[in-house]
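Trainee: Here's my sequence, what's the structure:
(chains A and B)
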Amino acid sequence: SQKIEQNSEALNIQEGKTATLTCNYTNYSPAYLQWYRQDPGRGPVFLLLIRENEKEKRKERLKVTFDTTLKQSLFHITASQPADSATYLCALVGAGGTSYGKLTFGQGTILTVHP
Amino acid sequence: DAGVIQSPRHEVTEMGQEVTLRCKPISGHNSLFWYRQTMMRGLELLIYFNNNVPIDDSGMPEDRFSAKMPNASFSTLKIQPSEPRDSAVYFCASSPNYEQYFGPGTRLTVT
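Mentor: Numbering: from 1, shown residues only, chains lettered A, B, ... in the order given. Down below sits the predicted model:
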């Protein structure tokens, strides 16, 4: 069955360090992958999208990589700040079959950046 | 734009009652999605519409759940009759293309 796994439930890092979150998937042919941020009591907020034929995407302090051979995406936040503390969700959109056009979310990683 | 608007923000009801959740998508977005989020199951897609037409409702858990989109600016998710296991946060999201814009959610508690 299709599965999306985010490497850990929680990640704690020190301010100024780079946070790296991992998203792995199995039995999936994604057309593209997205990362969202969710703060407590709020809906997810779109951050970045990367297509299957793209290796890397950047936006300010954020960087996403997508390796379709490893079936993995890495999400990096450089020079992390306490304000980056939130839950980060990866989501895949299938390229075909029953998953076509549908966004399927991972369970999320809770990032805490300590001052 | 005010973003995606959902109402009510909180709903507490008794088992067996009908519950109707409402959503106003962002103007100009042609896709609308309903999700449910729980600690155990995470964020699950229930149903999505494209140009007001339901495309995939395979995530709707049971016949007790139904969704409508009578026009481009309004959608409802109805649960009848509600059960305690329906307690969750329900999100509506709209999309112009690929990225999705989520509303603030409705926290439903069924006692």
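
Trainee: Which residue is the nearest non-sequential neighbour of the residue in chain A positioned nearest to chain B?
Mentor: Of all residues in chain A, the one sitting closest to chain B is residue A:43 (3.1 Å; CB to the nearest CB). C-beta here means a position set from N, CA and C on the backbone, and glycine is covered the same way. The shortest distance from residue A:43 to any residue other than its chain neighbours is 3.1 Å, reached at residue B:102 (CB to CB, 6 or more residues apart in numbering or on different chains).

Trainee: so is the spatially most central residue of chain A in a helix, a strand, or just coil?
Mentor: In chain A, the C-alpha nearest the mean C-alpha coordinate belongs to residue A:90, at 3.5 Å (CA atoms, centre = their mean). At residue A:90 the chain is in strand, as set by DSSP: H, G, I helix; E, B strand; the rest coil.

Trainee: Do I have it right that it meets residue A:24?
Mentor: No: using CB atoms under 8 Å, residue A:90 is not in contact with residue A:24; the gap is 9.1 Å.

Trainee: Now for those two: what residues contact both?
Mentor: A:4, A:6 (CB atoms under 8 Å, 6 or more residues apart in numbering or on different chains).

Trainee: in what helix or strand does residue B:20 lie?
Mentor: strand B:19-24 (DSSP states H and E).

Trainee: and that strand, what does it pack onto?
Mentor: If you count contacts as 3 or more CB pairs under 8 Å, 6 or more residues apart in numbering or on different chains; DSSP states H and E, strand B:19-24 packs onto strand B:5-7, strand B:10-13, strand B:74-79, strand B:88-95, strand B:106-110.

Trainee: just to revisit the earlier point, what's the helix or strand for the residue of chain A closest to chain B?
Mentor: Assigned by DSSP H and E, residue A:43 falls outside every helix and strand.

Trainee: need the residues of chain B near chain A, please.
Mentor: B:4, B:33, B:42-45, B:48, B:55-56, B:58, B:91, B:93, B:98-105 (CB under 8 Å from any CB of the partner chain).

Trainee: pLDDT weak spots in chain A?
Mentor: Under the criterion pLDDT under 70, the flagged ranges of chain A are A:1, A:95-101.

Trainee: Enumerate the residues of it near chain B.
Mentor: A:32, A:34, A:41-46, A:49, A:89, A:93, A:98, A:101-108.

Trainee: Tell me the spacing between residue B:35 and residue B:47.
Mentor: 9 Å (CB to CB, to the nearest Å).

Trainee: actually residue A:25, not the one I wrote
Mentor: Residue A:25 is 23 Å from residue B:47, by CB to CB.

Trainee: now swap in residue B:83 and tell me
Mentor: Taken as CB to CB, the span from residue B:83 to residue B:47 is 18 Å.

Trainee: Find the closest residue to chain A in chain B.
Mentor: residue B:102 (3.1 Å).

Trainee: What is the burial count for that residue?
Mentor: 23 (other CB atoms under 10 Å in any protein chain shown).

Trainee: My guess is it contacts residue B:95. True?
Mentor: No: judged on CB under 8 Å, residue B:102 makes no contact with residue B:95 at a distance of 10.0 Å.

Trainee: which regions of chain B lie under the pLDDT threshold?
Mentor: B:1.

Trainee: Got phi/psi on the residue sitting nearest the centre point of it?
Mentor: Nearest residue to the geometric centre of chain B (CA atoms, centre = their mean): residue B:34, 3.6 Å. Dihedral angles of residue B:34 (phi, psi; degrees, to the nearest 10) stand at phi -120, psi 130.

Trainee: Fine, thanks again, bye for now.
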